[in-house]
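Peer 1: build the 3D model from these lines:
(3 chains)
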Amino acid sequence: MPAPSTILVPVINTSASLDAVTAACAIARQRKGRVYVVHVIEVNRSLPLNAEMDAEARRGEALLRRAEEIASAAEFHVSGGLLQARDAGQAIVEDARDRAVDAIIIGVGYKRVLGSFEIGRTADYVLKNAPCQVWVVRQAVGQPAPAAHHG
Amino acid sequence: MYIIVAGGGKVGFYLAEELLNSNHEVLVIERDPARARAITEELTDAVMSGDSCEATTLDLAGVARADLVAAVTGDDEDNLVICEIARNRGVPRTIARINNPKNELLFKKRGIETTISATQAILGQIEQELPTHEMIPLLQLHSGLELVEVRLPETAPVAGRSVRDVLLPPESLVALIVDPGGVPRIPSGETRLNAGDALVVVTRRESMDKLREALIGAIHGLDT
Amino acid sequence: MNVLIMGCGRVGARVATTLDEAGHTVTVMDLNPSSFRRLPASFKGTQAVGNGMDGPALERAGIKEAHAFMALTQGDNRNYFASQVAHEIYGVERVLCRIYDPVRADIFSSLGLEIFSPTALGASVIVSMLLGDQAAKG
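Peer 2: This next block holds a predicted model:
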């Protein structure tokens, strides 16, 4: 299996998704490839898709800056953007298709529902529908879910 | 317009596809999760899985900002309830598909527009005011040929000309003309085309744009 | 009073029986003839097999003579539909309609029918059983 050189990383405010950025940078750097980070703002149907989502956009920009910091610490550069969509999974898969990336690297938390592991709706959709490779970075067991308060 | 289509069966699916093609914001709500997944493949984020008869589902769908709700499930009682909830939430226009023509009177008394099931009829009703929908695909034939209905607007470049003088794309022909009074005629070369006529035209799928240009003229509205 | 009841389930059968015993003229309609087994042998009213959403079936069951129509099937939407047929098309004086979903019940209440929601009623009865009448009112 060839290592991917262009990689899409969807980011949300979890340690796993920032770990995914780190991993993507390390892999793409070896191949002199590119990493795109994307944050999807899910827009409720009570609003039009292009509604102004100021608070969410600010949070998203902060996440993208955080991803850029991680990249530059690894002496790499990422480009990124915000997307507004009804469903994050669909938006990620569509973006991967548009950019024709080799892989999506997605971070997932460790969550148990009724005793069994649940991967979450977005990662599940991406795994089932992405045209490219999908790499999953799962957070270690016992780590608190919402990280990245620092920075 | 934001249009909610309640019911993702054959009627709802084709209706949604056409409305998306004419650049409307569309959401299909389908009760059966398996069917919802199936149509998501084509319609992507224009599908929601849920029961449209539940006010909470319609609220989640943003019904309050919808310009139109088309209830096209296979059950007339469900379609009535969907339209009533939609109106309660302030939707200005509701259209119900009626499966049993005997029920038309009740919908009329309740002030709900109705249509007898065919997708094209619903489309026609929705699109009446819109300038871009003078061309309605009716049927795909095996050989890559397509049957379309073309309504000639006032501004049609062919209005007042005879069929013979109209330059149609290759392998296209006017098969039938229905005048505004609803009278159908099989045209000859001398038949005059008038604004308001509905033409049933056979053409090739790839010639649709050329056909539109020839009969209707420059596209105005959403595409420009 | 001449009463037409749609739906011969537990509630429909009981309402029919009670009204029949009180001397009213009762017709019960149901799609499924075996539902009429819930009526006692002493029932003097009429049993009609048919769909209460269908005009001709309602006419056969005597809706034109009915002073009251009650929709008591299991389906909220069917009950609403049939009730509106009785109200809008046949102009029945009193139309009572059972709607389980309290949200739908609220919406339909403003549309010319007498709606009752066993869900909302049941909940308030249970609360008042537990806490006494004071709490239920408050």
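Peer 1: contact partners for whichever residue of chain C sits closest to chain A?
Peer 2: As assessed by Cβ to the nearest Cβ, chain A sits closest to C:Val103 within chain C, at 16.9 Å. No exception for glycine: its C-beta is placed from N, CA and C like everyone else's. By Cβ atoms under 8 Å, 6 or more residues apart in numbering or on different chains, C:Val103 lies in contact with B:54-56.
Peer 1: on the pLDDT front, check it for me.
Peer 2: pLDDT recorded at C:Val103 is 92.
Peer 1: so which residues on chain B come close to chain A?
Peer 2: B:2, B:25, B:27, B:44-45, B:48, B:59-62, B:64-65 (Cβ under 8 Å from any Cβ of the partner chain).
Peer 1: what's the farthest-apart pair in these?
Peer 2: B:Thr44 and B:Ala64 (23.4 Å; Cβ to Cβ).
Peer 1: please identify which of the two sits among more neighbours.
Peer 2: B:Thr44 (16 against 12; other Cβ atoms under 10 Å in any protein chain shown).
Peer 1: next one, pLDDT for the more buried one please.
Peer 2: Reported pLDDT for B:Thr44: 87.
Peer 1: distance check, the closest residue to it other than its chain neighbours against chain C.
Peer 2: Distance criterion Cβ to Cβ, 6 or more residues apart in numbering or on different chains; nearest residue to B:Thr44, sequence neighbours excluded, is A:Gln90 at 5.6 Å. A:Gln90 sits at a distance of 29 Å from chain C (criterion: Cβ to the nearest Cβ, to the nearest Å).
Peer 1: so A:Gln90 belongs to a helix, correct?
Peer 2: Yes - counting by DSSP: H, G, I helix; E, B strand; the rest coil, A:Gln90 is located in a helix.
Peer 1: tell me if I'm right that it and B:Asp45 touch.
Peer 2: Yes - A:Gln90 is within contact range of B:Asp45, at 5.2 Å (criterion: Cβ atoms under 8 Å).
Peer 1: near chain C, which residues of chain B?
Peer 2: B:53-56, B:75-78, B:80-81, B:84-85, B:88, B:102-103, B:105-106, B:109-110.
Peer 1: these in helices, which ones?
Peer 2: B:55-56, B:76-78, B:80-81, B:84-85, B:88, B:105-106, B:109 (DSSP state H).
Peer 1: just the buried ones from these?
Peer 2: B:55, B:76-78, B:80-81, B:84-85, B:88, B:106 (16 or more other Cβ atoms under 10 Å in any protein chain shown).
Peer 1: how would you label the residue of chain B most remote from its centre: helix, strand or coil?
Peer 2: For chain B, the residue at maximal distance from the C-alpha centroid (Cα atoms, centre = their mean) is B:Glu190, at 31.4 Å. Using three-state DSSP, the structure places B:Glu190 in coil.
Peer 1: tell me the pLDDT of it.
Peer 2: You'll see B:Glu190 listed with a pLDDT of 89.
Peer 1: check B:Ser117 too.
Peer 2: 55.
Peer 1: repeat for the one 3 residues further on
Peer 2: Each residue has a pLDDT score; the one for B:Gln120 is 53.
Peer 1: where exactly do the strands run in chain B?
Peer 2: All strands of chain B, identified by DSSP state E, fall at B:2-6, B:25-30, B:47-49, B:68-71, B:94-97, B:113-115, B:135-140, B:145-151, B:173-178, B:184-185, B:198-204.
Peer 1: could you point out which of those strands sits nearest A:Ala57?
Peer 2: strand B:25-30 (20.7 Å).
Peer 1: other SSEs contacting the closest one?
Peer 2: strand B:2-6, helix B:10-21, helix B:33-43, strand B:47-49 (3 or more Cβ pairs under 8 Å, 6 or more residues apart in numbering or on different chains; DSSP states H and E).
Peer 1: pick the most buried one from the ones you listed.
Peer 2: Ranked by mean neighbour count, the helices and strands packed on strand B:25-30 are led by strand B:2-6 with a mean of 26 (mean count of other Cβ atoms under 10 Å in any protein chain shown).
Peer 1: any weak-confidence spans in chain A?
Peer 2: A:143-151 (pLDDT under 70).
Peer 1: how close does the closest residue to B:Ala96 other than its chain neighbours sit to B:Ala71?
Peer 2: Nearest non-adjacent residue to B:Ala96, counting by Cβ to Cβ, 6+ apart: B:Asn79, 4.2 Å away. Distance, B:Asn79 to B:Ala71, using Cβ to Cβ, to the nearest Å: 4 Å.
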